[in-house]
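Novice: Please work out how this folds:
(chains A and B)
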Amino acid sequence: MSDGETTLVRARGLTKTFGGFTAVDGVDFAVTRGECFGFLGPNGAGKSSTMRMVGCVSPVTGGELRLFGLDPATDGPAIRARLGVVPQRDTLDEELTVEENLWIYGRYFGLSRREVRERAGELLDFAQLTERAGDKVEPLSGGMKRRLTIARSLINGPEILLLDEPTTGLDPQARHILWDRLFRLKRSGVTLVLTTHYMDEAEQLCDRLVVMDHGRIVAEGSPQQLIKEYSSREVLELRFDTDEHGEWAPELVGVGERVEVLPDRLLVYADDGDAAASEVHRRGVEPLSSLVRRSTLEDVFLHLTGRSLVD
Amino acid sequence: MAVPTSRPTTAARTDARARPGPRPALSGAERCLAVIDYLLVVYRRTWRGSIIERFLSPVFFLLSMGVGLGALVDRRSGGVGGVPYLEFVVPAIVATQAMWVAMGESTYQVLGYIKWNMAYHAMLATPLGVRDVLVGHLLAVAGHMTVATAIFMAVAALFGGFSSWWALLCLPVAVLTGMAFAVPIFAFTARQEGDSGFNILFRFVMTPLMLFSGTFFPVGQLPVWMQPVAWLTPLWHGVSASRAASSGDVDWPVLLGHVAVLALFIGAGWWLAVRSFAARLVR
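Specialist: The predicted structure follows:
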């Protein structure tokens, strides 16, 4: 198995600087054929800059990057011919119709007009936009535009689909429709690489992910592995009648493995959340509300960086 | 049965571009045509609006300056250097119109493709590169200019604006003049954040150029110190070349001299445009 056969993307010490600002600070990762690989991190973590380098639209400042075994610096067009790109901001022409957007984009990949029309029909079905084929893009909902962007990115039958914050700004229902489409793509063998600052999206979609912060990768693994490694099984969330939740932290020492103070609540990490809640009650501490839930990637991120994903 | 071999191979090649594995590369022509295809779809939607701008306003100039003012000039002084005023001003308006088309096609639309609908970014995520995008868009602008100029020349001919078939040379000269503006303006636009720079370009560059580049009266009428300024502007060369081409007795050395200067503006503009586009779009 040579590199480029099963490892589709490989980065070593990948770095991106803009003037004096380092957006991506020497990251290593590898994406294997058929998997869904994610970059999880807050805004400004360097996810999009990484993604734009992987998409061969932003030159690498330092380190090494290979896609299909090829170097973006010398083989950019050949690599991009095999990629599908869903940028953070839709780059559709809203004055044109839904199908015109697909036709035009297919032509950029050198597909014939006949072929572009054939494929557009199938992709509109896939994106559930067939009824809107002849409509202008502008009045479509955010979710529809996003699905059109995804349909467009598939016009060249890409082997890797790059999705930069695919569902940011969409309502929950639109997000679920989109996730369903992405699942189908993955099952059909397309390798997905996505960035997100939604831990639920990362948990839903990613087989493997890296957690990014300040341009660096701070952890790597499957969502389950990361939760197991960096968090407890359950979390007890406590709210108190106070402006300063930190005041209550000393009262909770030893209840769980660890306590995190947030502006609006306290998180007690424990393998048995209910037992922890009983212990809090036994100590005579009376929160306004208490809730036991399972650990998520949000907790992983909080533990690794001391901050929340979405500020 | 003889089957042309080129078609199936072309089809096979484009089919392979949507299949996993290394894809057959696009030729330079295919890359530019893909960009032009996009602009054709855009023009198909917008041609009605642009017809008014591109066609009616030069016709108004033709009527007011050529026919109205022309009658006065011809009666008083027998035309300009013996040429009836209409024949003097029409080749100049042809070249000037191309400048306005260049202005119209190289400012808001280009900035829009950079900032607003980000059409260039969409293109650059595909096998297309910065040069393909630039060449494709500039060729589309040149095509647009050719059509607009041809229509206007046909109308001007009906009014008796040309005295010789050599005037057909005004068409390529006008396109060259227009591109001598379009290419540098593409470079200028790629450096803009908002549209305020366009107003400056419009008021302090285009309008004075139209008025003082020998369009409506010979540059010799200007104060002596202003005359060398006119020589530095592409419009004066375009207007002079257009006149040299339309006169029936084509003055080739003069025509080619002006054309060479226009080509120089295009060449320098290209050098700047490639750099501006790369700096703006590839970060």
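
Novice: Okay, and residue B:50 sits in which element?
Specialist: Here residue B:50 sits within helix B:28-51, counting by DSSP states H and E.

Novice: So is that helix next to chain A?
Specialist: Yes: Helix B:28-51 reaches chain A (C-beta under 8 Å from any C-beta of the partner chain) through B:30, B:31, B:33, B:34, B:35, B:37, B:38, B:41, B:42, B:45. For every residue, glycine as well, the C-beta is placed using N, CA and C.

Novice: Among the residues you listed, name the buried ones.
Specialist: The neighbour count (16 or more other C-beta atoms under 10 Å in any protein chain shown) marks B:30, B:31, B:33, B:34, B:35, B:37, B:38, B:41, B:42 as buried among the residues of helix B:28-51 next to chain A.

Novice: tell me the two of these that are most distant?
Specialist: The two members of those with the most space between them (C-beta to C-beta) are B:30 and B:42, at 19.3 Å.

Novice: In CSV, list the residues of helix B:28-51 next to chain A along with pLDDT.
Specialist: Formatted as CSV, the residues of helix B:28-51 next to chain A follow (pLDDT from 0 to 100):
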residue, pLDDT
B:30, 96
B:31, 97
B:33, 97
B:34, 97
B:35, 98
B:37, 96
B:38, 97
B:41, 95
B:42, 94
B:45, 88
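
Novice: quick one: contacts for residue 39?
Specialist: Just so you know, I chose chain A. Counting by C-beta atoms under 8 Å, 6 or more residues apart in numbering or on different chains, residue A:39 touches A:45, A:47, A:50, A:51, A:193, A:194, A:195, A:196, A:209, A:210, A:212.

Novice: try chain B instead
Specialist: Neighbour list for residue B:39: B:136, B:137, B:140 [criterion: C-beta under 8 Å, 6+ apart].

Novice: Quick check: closest non-adjacent residue to the first one.
Specialist: Right, the one you point to is residue B:136. Among residues not flanking residue B:136 along the chain, residue B:35 sits closest, at 2.5 Å (C-beta to C-beta, 6 or more residues apart in numbering or on different chains).

Novice: Ok, the last one next?
Specialist: Here the nearest residue to residue B:140 in space, its sequence neighbours aside, is residue B:39; by C-beta to C-beta, 6+ apart that works out to 3.9 Å.

Novice: Return the per-residue confidence for that neighbour.
Specialist: Looking at residue B:39, its pLDDT stands at 97.

Novice: swap in residue A:310?
Specialist: For residue A:310, the predicted pLDDT is 64.

Novice: do the same with residue A:304
Specialist: On the pLDDT scale, residue A:304 gets 92.

Novice: in which helix or strand would I find residue A:146?
Specialist: helix A:142-153.

Novice: Give the next helix or strand downstream of that helix.
Specialist: Defined by DSSP H and E, the subsequent element after helix A:142-153 is strand A:160-164.

Novice: Tabulate the CA atom coordinates of that next one in PDB.
Specialist: What follows is strand A:160-164, C-alpha atoms only, in PDB (Å, rounded to 0.1, in the frame of the first residue of the first chain):
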ATOM      1  CA  ILE A 160     -12.400  13.800  -1.500                       C
ATOM      2  CA  LEU A 161     -15.100  16.300  -0.400                       C
ATOM      3  CA  LEU A 162     -13.900  19.200   1.600                       C
ATOM      4  CA  LEU A 163     -16.600  20.900   3.800                       C
ATOM      5  CA  ASP A 164     -15.700  24.100   5.600                       C
END
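
Novice: So which other helices or strands are in contact with that strand?
Specialist: Counting by 3 or more C-beta pairs under 8 Å, 6 or more residues apart in numbering or on different chains; DSSP states H and E, the packing neighbours recorded for strand A:160-164 are helix A:47-54, strand A:83-86, helix A:142-153, strand A:191-196.

Novice: between those, which gets nearest to chain B?
Specialist: Closest to chain B of the helices and strands packed on strand A:160-164 is strand A:83-86 (C-beta to the nearest C-beta; 4.2 Å).

Novice: which other residues reach the helix or strand just after that closest one?
Specialist: Downstream of strand A:83-86, the next assigned helix or strand under DSSP H and E is helix A:98-108. If you take C-beta under 8 Å, 6+ apart as the criterion, helix A:98-108 is touched by A:92-93, A:96, A:113, A:115-117, A:119-120, A:123-124, A:129, A:132-137, A:140, A:148, A:151-152, A:155-156, B:33-35, B:37-38, B:41, B:122-123, B:126-128.

Novice: For those, which PyMOL command selects only the ones that are buried?
Specialist: To isolate the buried members of the contacts of helix A:98-108 in PyMOL, using 16+ other C-beta under 10 Å:
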select buried, (chain A and resi 92+93+96+115+116+119+120+123+124+129+132+136+137+140+148+151+152+155+156) or (chain B and resi 33+34+35+37+38+41+122+123+126+127+128)
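
Novice: how many neighbours does the residue lying closest to residue A:230 once chain neighbours are set aside have?
Specialist: Nearest non-adjacent residue to residue A:230, counting by C-beta to C-beta, 6+ apart: residue A:300, 4.4 Å away. Neighbourhood size, residue A:300 [other C-beta atoms under 10 Å in any protein chain shown]: 27.

Novice: So if we follow the domain assignment, how does chain A break up?
Specialist: Here the domain parsing of chain A from automatic domain parsing is A:7-227, A:232-294.

Novice: From residue B:191, how far out is residue B:197?
Specialist: Distance of residue B:197 to residue B:191, computed by C-beta to C-beta, to the nearest Å: 8 Å.

Novice: Remind me what the longest helix along chain A packs against, helices and strands.
Specialist: If you go by DSSP state H, chain A has its longest helix at helix A:172-187. Here helix A:172-187 touches helix A:142-153, strand A:191-196, helix A:199-205, going by 3+ C-beta pairs under 8 Å, 6+ apart.

Novice: For residue B:12, find the nearest of these.
Specialist: Using C-beta to C-beta, the helices and strands packed on helix A:172-187 put helix A:142-153 closest to residue B:12, at 24.2 Å.

Novice: The closest one: which residues count as buried?
Specialist: A:143, A:144, A:145, A:146, A:147, A:148, A:149, A:150, A:151, A:152, A:153.

Novice: cool, and stretch B:218-226?
Specialist: residue B:219.

Novice: now that we're looking at the residue of chain A most remote from its centre, how far away is chain B from it?
Specialist: Note on chain A: the largest separation between a C-alpha and the mean C-alpha position, by C-alpha atoms, centre = their mean, falls on residue A:284 (41.9 Å). Distance, residue A:284 to chain B, by C-beta to the nearest C-beta, to the nearest Å: 58 Å.
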